[in-house]
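[1] need a 3D model of the following:
(one chain, ligands or ions: 1)
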Amino acid sequence: MKLSKMLAIKKELEEIIKNAGRIPDGLRVAIPPHDAYELSQGLQIQLVALGEAARCDLKLRQAQVALDQIVRGDYERCLACDGLKGEKRIDAVPYSPFCVRCQELLDGHQLEGFEHLAAA
Ligand SMILES: [Zn+2]
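    Down below sits the predicted model:
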């Protein structure tokens, strides 16, 4: 991988880490609600926000590991199987420390030892 591309990915990972925990303005809830409809709408928005927060938390944890991989010099390798992640995978999900195959195993709860980097 070219150094310029690696530096661009490093910058992208640092941005993910820097922006972690921020709630997008569109997900802020008007409180207190004036009626049941507003309460229902507010709860739905909060559920969306919670889901988004969980996704951001996972992305943050994975980005921190991927950044460590860059520092160690093994970013292009899968954290689980040590095979190459592949350029398409890196382009699609630069913050993932896993190859497609291992990510699928992790998503299916069939990859042990990396549960802290899996979706709940
Ligand atoms: Zn793998």
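
[2] residue contacts, residue 34?
    Counting by Cβ atoms under 8 Å, 6 or more residues apart in numbering, residue 34 makes contact with nothing. (Each C-beta comes from the backbone N, C-alpha and C, glycine too.)

[3] Three-state assignment for it, please.
    In three-state terms, and counting by DSSP: H, G, I helix; E, B strand; the rest coil, residue 34 is coil.

[4] distance of it relative to residue 99?
    Using Cβ to Cβ, to the nearest Å, one gets 51 Å for the distance from residue 34 to residue 99.

[5] leaving out sequence neighbours, find the closest residue to residue 89.
    With Cβ to Cβ, 6 or more residues apart in numbering as the criterion, residue 89 has its nearest non-adjacent residue at 5.5 Å, and that residue is residue 100.

[6] count of residues packed around the closest residue to residue 58 other than its chain neighbours?
    Leaving out its chain neighbours, the residue that sits closest to residue 58 by Cβ to Cβ, 6+ apart is residue 119, at 5.6 Å. Close neighbours of residue 119, defined as other Cβ atoms under 10 Å, add up to 10.

[7] so residue 119 sits in a strand?
    No: assigned with three-state DSSP, residue 119 falls outside any strand and is coil.

[8] list the contacts of it.
    54, 55, 58, 107.

[9] burial count for the third one?
    Which is residue 58. 16.
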